[in-house]
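**Q** let's see this in three dimensions:
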Amino acid sequence: SITKMAEPGKRKEVVAHYRVDGDSLRCRNRRIARFSAMERLLSALFVLLIHVSYSQGKYLTGHLQTSEQWAFLGRFCFLSELGRLRFSFTYSPQEVCGNSVGCQNILLYYDEDSQWPAVYPHPEKNCFEKEAVVNVDQNQVINLTTSYRWGGCELDEEGETMTCGGGRSFRSARERWWYIALSSCEGRKGLDIQYEMTLTNGNSYWTKHFSADEFHILETDITFLVLFAAILALSIWVASILRSRQLFHTSYKMYMSAVAFHVFSLFLLCLHYGQYGNDGVGLPAAQLLGRIFQSVSSLVFLLMLILLGKGYTVTRGRLSHSGSVKISVFMTLYTLAYAILFIYEKEFFDAGLVLYLYESPAGYGLIGLQLLSWLWFCYAIFFTLKHYPEKSLFYVPYFFFYTLWFLAGPIMVLIAAFVISKWAREKIVNGLEQGLAFCAYTFFLILTRPGAANKNFPFHVRTSQIGIVDDFEHGNHTVQQNGTANGGVNLDHFPHQSMYSTSTDSSFIGGGGPNFTELFTVATPSSYSNSRAADNPPPYPGESFDQPRRIPDFTVKAGSS
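**A** Sure, this is the predicted structure:
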């Protein structure tokens with residue numbers, strides 16, 4: 001049921017109160033307009049990476065002009081007992097309906113099948129049929145006419161402008177989505193009305209301006225901001241160790257970039273929601289940038305997963321020409337499809353039907369792209385392990401964990417669509433998405449930690465070796481047709497890790513593990529002879545098994561004179 005908030009003897013005070021609130025709301029609207037201009041500029045610059053989730057805020061304002069007699073305005077998830085709606089409507093009452101001046105009605109539907117789903121979207125139903133669904137006895141209709149005192153309507157002195165102000169509180173067994181519509185079934189000129197609505201849930205900072213489906217999003221984002229900042233700090237520490245050992249490869253740099261983008265995105269989102277908790281407006285530009293950087297983080301991390309799956313920096317220093325073209329085309333199509341999907345979401349998103357992104361064709365498209373990425377990921381790892389089976393200690397857990405990660409997204413959407421209640425979806429899905437991302441980044445950090453106990457450590461060729469080859473390729477030295485520089489490492493196929501010693505190295509973290517210091521050890525003739533049968537091919541591609549030429553020993557004796 002809905003409780004009326006105006007009292008019979010205080011109609012004029014209520015109207016005056018909402019006129020004052022209207023001035024305040026219009027001031028806020030001017031600030032929103034400035035943010036909107038910034039959003040349009042940022043959208044033009046970053047259109048390929050937009051990943052924005054739209055939500056109803058504290059304020060719903062606008063000017064509705066339509067030839068239809070019934071129109072949807074907005075929705076909000078109210079708490080039981082704590083939900084409040086305050087409104088101010090202004091229009092020109094050019095028509096008289098019965099004994100009343102004006103013909104407009106505010107209709108309040110809730111999310112039961114017999115209510116909102118019964119009227120929207122149903123273009124075959126007329127205005128009277130849609131009005132018949134709401135229950136007048138439960139105060140679901142607010143008549144914006146002079147004959148209905150709860151509407152708080154007054155004509156100006158010239159009789160040309162009707163101003164209505166009032167409110168409603170909401171009572172229900174649980175949190176519910178409430179949908180607000182406007183009707184003028186007896187009118188013949190459609191709808192032409194200016195509206196300002198304030199929607200709140202209680203008085204707490206953490207709930208007042210948030211729809212019930214957005215509760216705890218701010219707290220969740222703050223928590224994960226701290227956790228991801230810790231992951232970033234640990235990754236920087238690991239990077240310093242890898243750099244000192246010349247193992248700081250491009251793939252790890254991509255991982256750090258993805259984590260940094262995600263941290264920055266959470267920081268911007270926390271700024272937005274933190275301000276939103278204060279004024280119900282927030283920082284739309286910060287929210288937009290936060291979603292953009294979150295998209296960049298996802299794309300960089302996805303690219304890193306596929307590149308590592310193909311063995312980049314683990315079994316090869318560069319991709320083949322055809323492989324580079326395939327990945328470039330795939331990521332370009334992925335990014336373009338991402339942008340097209342969200343442009344579609346922005347232009348055609350129907351707030352009356354869709355509660356969050358994945359309940360739309362755009363969401364289904366994203367699921368399809370993620371499954372396609374997983375297939376490419378599996379394909380890449382299969383052929384890498386086929387040629388480098390000794391890397392299974394890294395690739396087997398890598399494959400199984402990130403397979404679960406790839407499939408978790410579609411599974412999460414199915415659970416959200418068929419298991420999670422509508423009024424709780426957005427906050428639960430937000431928590432699940434952040435949790436999955438945190439697990440993905442944390443697992444990679446653990447998998448690549450440079451500790452002696454970590455048998456899954458993927459890198460065994462130093463960056464300095466790859467750099468030597470780059471110098472050969474861009475300098476005056478020659479490079480063989482198979483990509484091997486004289487004295488360097490084949491960029492297309494790294495030497496197999498079994499060729500290197502794995503004896504204890506006290507300088508390695510933990511006191512044991514792969515002996516990276518022997519990568520540049522010059523072998524003695526005896527060591528070549530002893531290791532020839534075991535090491536095949538030789539320690540460095542391009543070298544020969546031929547024994548070094550020995551100088552004959554002879555004795556020079558001083559002759560006697």
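**Q** tell me the phi and psi of Leu247?
**A** phi -120, psi 20 (degrees, to the nearest 10).
**Q** ah, wrong one, I meant Tyr110
**A** Phi and psi for Tyr110, reported as degrees, to the nearest 10, are phi -110, psi -180.
**Q** so who does it touch?
**A** By C-beta atoms under 8 Å, 6 or more residues apart in numbering, Tyr110 lies in contact with 116, 172, 176-179. C-beta coordinates here come from the backbone N, C-alpha and C atoms, glycine included.
**Q** which strand residues bridge it?
**A** Beta-bridge partners recorded for Tyr110 (DSSP bridges): Trp178.
**Q** where's Phe74, which helix or strand?
**A** Check again: residue 74 is Gly, not Phe. Counting by DSSP states H and E, the element that carries Gly74 is strand 70-78.
**Q** equivalent analysis for Ala286, please.
**A** Going by DSSP H and E, Ala286 is part of helix 284-309.
**Q** that helix packs against which elements?
**A** If you count contacts as 3 or more C-beta pairs under 8 Å, 6 or more residues apart in numbering; DSSP states H and E, helix 284-309 packs onto helix 11-45, helix 250-279, helix 321-348, helix 361-387, helix 392-418, helix 425-447.
**Q** can you give me the angle the fifth one makes with helix 284-309?
**A** What it means is helix 392-418. Using axes from the mean of the first three to the mean of the last three C-alpha atoms, to 10 degrees, one finds that helix 392-418 and helix 284-309 are set 140 degrees apart in direction.
**Q** now do helix 392-418 and helix 361-387, the angle between them.
**A** Using the same axes, to 10 degrees: helix 392-418 against helix 361-387 is 160 degrees.
**Q** pLDDT on helix 392-418, on average?
**A** Looking at helix 392-418 alone, the average pLDDT works out to 90.
**Q** would you mark the buried spots in that helix?
**A** 394-395, 398-399, 401-402, 405-406, 408-410, 412-413, 416 (16 or more other C-beta atoms under 10 Å).
**Q** the strand of greatest length in the chain pairs with which strands?
**A** If you go by DSSP state E, the chain has its longest strand at strand 191-201. If you go by DSSP bridges, strand 191-201 pairs up with strand 59-66 (antiparallel), strand 83-91 (antiparallel).
**Q** just the C-alpha atoms of that strand, please, in CSV.
**A** Only the C-alpha atoms of strand 191-201 are listed here, as CSV (Å, rounded to 0.1, in the frame of the first residue of the first chain):
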residue,chain,number,x,y,z
LEU,A,191,0.8,14.6,-22.5
ASP,A,192,2.8,17.8,-22.0
ILE,A,193,4.1,18.1,-18.5
GLN,A,194,7.3,19.1,-16.6
TYR,A,195,8.1,16.9,-13.6
GLU,A,196,10.6,16.7,-10.7
MET,A,197,10.6,13.7,-8.4
THR,A,198,12.7,12.9,-5.4
LEU,A,199,13.0,9.2,-4.5
THR,A,200,14.7,8.1,-1.2
ASN,A,201,15.2,5.1,1.1
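**Q** low-confidence ranges, this structure, go.
**A** 1-58, 94-102, 354-356, 360, 452-454, 456, 458-561 (pLDDT under 70).
**Q** how about Met304, nearest residue that isn't a chain neighbour?
**A** Closest residue to Met304 apart from its sequence neighbours, by C-beta to C-beta, 6 or more residues apart in numbering: Met254 at 4.1 Å.
**Q** correct me, but the one you found touches Leu302?
**A** No: the pair Met254 / Leu302 is not scored as a contact, 10.2 Å apart, by C-beta atoms under 8 Å.
**Q** that older thread, which one of the contacts of Tyr110 is nearest Leu107?
**A** Among the contacts of Tyr110, Tyr179 lies closest to Leu107 (C-beta to C-beta), at 8.5 Å.
**Q** before we move on, back to that, just list what the strand holding Gly74 packs against, helices and strands only.
**A** strand 59-66, strand 83-91, helix 127-131, strand 176-183, strand 191-201.
**Q** specify the angle between it and strand 176-183 in degrees.
**A** 160 degrees.
**Q** orientation of strand 70-78 relative to helix 425-447 in degrees?
**A** Between the axes of strand 70-78 and helix 425-447, defined by the same axes, to 10 degrees, the angle is 60 degrees.
**Q** and of the buried residues of helix 392-418, the nearest to Asn201?
**A** Nearest to Asn201 among the buried residues of helix 392-418 is Ala416, at 21.8 Å by C-beta to C-beta.
**Q** quick one: Leu299 from Ala362, how far?
**A** Per C-beta to C-beta, to the nearest Å, Leu299 is found 16 Å from Ala362.
**Q** so of the helices and strands packed on helix 284-309, which one's packed in deepest?
**A** Highest mean neighbour count among the helices and strands packed on helix 284-309 (mean count of other C-beta atoms under 10 Å): helix 250-279, with a mean of 20.
**Q** the nearest residue to Ile367 once chain neighbours are set aside: what's it in contact with?
**A** The spatial neighbour of Ile367 that comes closest, neighbours along the chain excluded (C-beta to C-beta, 6+ apart), is Pro410 at 4.9 Å. By C-beta under 8 Å, 6+ apart, the residues touching Pro410 are 367, 370-371.
**Q** ok, of those, which one's closest to Lys427?
**A** For the contacts of Pro410, the nearest to Lys427 is Ile367 (20.5 Å; C-beta to C-beta).
**Q** mind listing what that closest one touches?
**A** By C-beta under 8 Å, 6+ apart, the neighbours of Ile367 are 358, 409-410, 413.
**Q** cool, Gln294 as well?
**A** Counting by C-beta under 8 Å, 6+ apart, the residues that Gln294 touches are 51, 261-262, 265-266, 269.
**Q** same check, this time on Tyr402
**A** 305, 377, 440, 443.
**Q** close enough to count as contact, the last one and Leu404?
**A** No: the criterion here is C-beta under 8 Å, and Phe443 misses it with Leu404 at 9.9 Å.
**Q** Leu218 is in what secondary structure piece?
**A** Assigned by DSSP H and E, Leu218 falls within helix 217-244.
**Q** against which helices or strands is that helix packed?
**A** helix 250-279, helix 425-447.
**Q** dump these to a markdown table, plus distance to Leu288.
**A** Compiled in a markdown table, the helices and strands packed on helix 217-244 are given as follows (distance: least, C-beta to C-beta, whole Å):
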| stretch | distance to Leu288 |
| --- | --- |
| helix 250-279 | 9 |
| helix 425-447 | 17 |
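**Q** having no further points to raise, I will conclude here.
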